[in-house]
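Peer 1: sequence unknown, structure follows:
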């Protein structure tokens with residue numbers, strides 16, 4: 001019988017730590033901060049369909065509000081948020097008709113931030129480096145979460161111009177191309193614990209969720225599914241710039257039976273799509289900074305089979321929440337081992353490592369430090385971390 005050990009895959013536990021929040025009726029008022037969140041304008045917050053960064057911003061804003069903070073969101077006017085919304089554009093750039101000039105939109109965004117900057121204790125930007133020339137000169141504490149890949153030409157040159165600007169990475173691997181940036185730390189993405197429900201019964205198909213681009217590995221997913229003799233369902237977006245790739249490389253292989261394309265899915269459809277799968281295939285061939293879909297699958301109790309690249313070894317607990325593999329052959333073998341995984345443990349590990357409450361708590365620690373407040377990490381009511389990259393915050 002096949003086993004985890006038979007493939008030389010050693011299983012080692014990953015440390016997580018607990019952080020307990022302040023107690024008492026006045027603690028929340030004392031900790032209240034005025035926080036600005038600057039979102040990209042490509043999608044609404046949250047996005048109606050595809051849009052990982054905007055989705056994370058939405059979850060972060062909601063959790064910060066739950067923690068009692070005063071949050072202002074700079075985003076598109078079609079965003080839905082409990083925070084104070086500063087609408088920079090009426091609609092998200094990707095879906096707006098007629099299309100808006102993206103450069104003009106970004107200028108309007110920066111102008112709005114400059115107008116209101118003095119109203120905040122801290123500003124948190126999610127728009128790469130566009131804001132750096134402004135915020136490094138305004139004197140308001142700020143930090144930037146970098147959501148994309150950092151090995152592209154010119155990125156290190158831009159960041160090196162702002163050596164004091166504080167950054168947060170979304171995986172340790174993401175920061176490797178620019179190790180000398182002013183990194184505050186790595187904060188893994190998190191999603192609300194109740195946003196996706198676990199299904200313990202194993203599904204009957206393999207799932208692929210993401211952009212239909214070469215770096216996401218859709219062709220590899222098709223080959224893996226066929227080799228394993230299982231149907232593949234692809235819930236995916238066809239980017240405008242990759243339509244030729246889709247027409248030539250993918251469309252001829254989509255037969256509607258063995259390989260089915262269901263298109264982009266909203267949050268409701270995503271629940272059934274991921275929960276009904278035997279596993280999520282994540283055969284990437286690029287340095288994925290995080291891979292939000294991996295933790296969405298885990299939230300549903302669905303294990304992930306992913307290629308060893310980028311953040312994958314940090315996100316997947318090998319042999320617990322899925323398998324980290326080196327190539328298609330190992331992926332096919334991993335599919336045969338899925339019945340050795342406990343889907344309830346997949347969900348439990350998600351709750352330990354990847355909730356939005358944990359994410360928000362870690363960001364608040366950095367906000368307080370930047371704003372010169374007593375950091376939660378030094379509060380006597382906290383339990384010291386015992387290691388690992390993530391800290392789980394008790395609601």
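Peer 2: On my side now, so go ahead. All values reported here derive from a predicted model rather than from experimental measurement.

Peer 1: For the rest of this, base every contact and every neighbour count on C-alpha atoms.
Peer 2: Fine.

Peer 1: residue contacts, the residue minimising distance to the centre of the chain?
Peer 2: Central residue of the chain (C-alpha atoms, centre = their mean): residue 292, 3.9 Å from the mean position. For residue 292, the contact set (C-alpha atoms under 8 Å, 6 or more residues apart in numbering) comprises 52, 189.

Peer 1: Now do the helices in the stretch 251-395 of the chain.
Peer 2: If you assign secondary structure with DSSP state H, counting those that start in this stretch, the helices in the stretch 251-395 of the chain sit at 267-275, 292-299, 312-315, 328-336, 343-353, 356-370.

Peer 1: Please identify the most buried of the ones you listed.
Peer 2: Most buried of those, by mean neighbour count (mean count of other C-alpha atoms under 10 Å): helix 292-299, with a mean of 26.

Peer 1: before we move on, back to that, mind checking the helices of the stretch 251-395 of the chain for the one nearest to residue 116?
Peer 2: When these are compared by C-alpha to C-alpha, helix 356-370 sits nearest residue 116, at 17.8 Å.

Peer 1: next one: the closest one to chain centre, how far?
Peer 2: Offset of helix 356-370 from its chain centre (C-alpha atoms, centre = their mean, to the nearest Å): 16 Å.

Peer 1: same for it, what does it pack against?
Peer 2: helix 52-66, strand 391-393 (3 or more C-alpha pairs under 8 Å, 6 or more residues apart in numbering; DSSP states H and E).

Peer 1: Tell me where the stretch 1-150 of the chain has strands.
Peer 2: Using DSSP state E, counting those that start in this stretch, the strands found in the stretch 1-150 of the chain span residues 17-19, 34-38, 70-75, 84-87, 122-125, 142-145.

Peer 1: Could you dump those strands into JSON lines with mean pLDDT and distance to residue 243 added?
Peer 2: Shown next, in JSON lines, are the strands of the stretch 1-150 of the chain (pLDDT from 0 to 100; distance: least, C-alpha to C-alpha, whole Å):
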{"stretch": "strand 17-19", "mean pLDDT": "38", "distance to residue 243": "44"}
{"stretch": "strand 34-38", "mean pLDDT": "98", "distance to residue 243": "31"}
{"stretch": "strand 70-75", "mean pLDDT": "98", "distance to residue 243": "28"}
{"stretch": "strand 84-87", "mean pLDDT": "98", "distance to residue 243": "32"}
{"stretch": "strand 122-125", "mean pLDDT": "98", "distance to residue 243": "31"}
{"stretch": "strand 142-145", "mean pLDDT": "98", "distance to residue 243": "30"}
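
Peer 1: Tabulate the ones you listed (CSV), appending mean neighbour count and distance to residue 249.
Peer 2: Converted to CSV, these look like this (neighbours: other C-alpha atoms under 10 Å; distance: least, C-alpha to C-alpha, whole Å):
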stretch, mean neighbour count, distance to residue 249
strand 17-19, 18, 45
strand 34-38, 22, 37
strand 70-75, 23, 36
strand 84-87, 16, 40
strand 122-125, 23, 37
strand 142-145, 24, 34
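
Peer 1: where exactly do the helices run in the stretch 101-250 of the chain?
Peer 2: Shown for the stretch 101-250 of the chain, the helices assigned by DSSP H, counting those that start in this stretch span residues 102-116, 132-138, 155-160, 218-228, 243-245.

Peer 1: The first one vs strand 34-38, what angle?
Peer 2: Which is helix 102-116. 170 degrees (axes from the mean of the first three to the mean of the last three C-alpha atoms, to 10 degrees).

Peer 1: Can you point out the buried residues in helix 102-116?
Peer 2: Neighbour counts over helix 102-116 (16 or more other C-alpha atoms under 10 Å) mark 105, 106, 109, 110, 113 as buried.

Peer 1: just stretch 203-218 next, same as before
Peer 2: Of the residues in stretch 203-218, those buried (16+ other C-alpha under 10 Å) are 203, 205-214, 216-218.

Peer 1: Burial check on the closest residue to residue 90 other than its chain neighbours, number of neighbours?
Peer 2: Closest residue to residue 90 apart from its sequence neighbours, by C-alpha to C-alpha, 6 or more residues apart in numbering: residue 77 at 4.4 Å. Other residues within reach of residue 77 by the criterion other C-alpha atoms under 10 Å amount to 17.

Peer 1: Break the protein into its domains for me.
Peer 2: Domain ranges of the chain: 15-192+356-393, 205-352, per automatic domain parsing.

Peer 1: Low-confidence stretches in this protein?
Peer 2: Applying pLDDT under 70 to the chain flags the ranges 1-30, 374-395.

Peer 1: In CSV, list the strands of the stretch 1-150 of the chain along with distance to residue 251.
Peer 2: What follows is these, written out as CSV (distance: least, C-alpha to C-alpha, whole Å):
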stretch, distance to residue 251
strand 17-19, 46
strand 34-38, 37
strand 70-75, 35
strand 84-87, 39
strand 122-125, 38
strand 142-145, 36
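
Peer 1: quick one: which of the ones you listed is nearest residue 307?
Peer 2: For the strands of the stretch 1-150 of the chain, proximity to residue 307 was assessed by C-alpha to C-alpha; strand 142-145 is nearest, at 24.8 Å.
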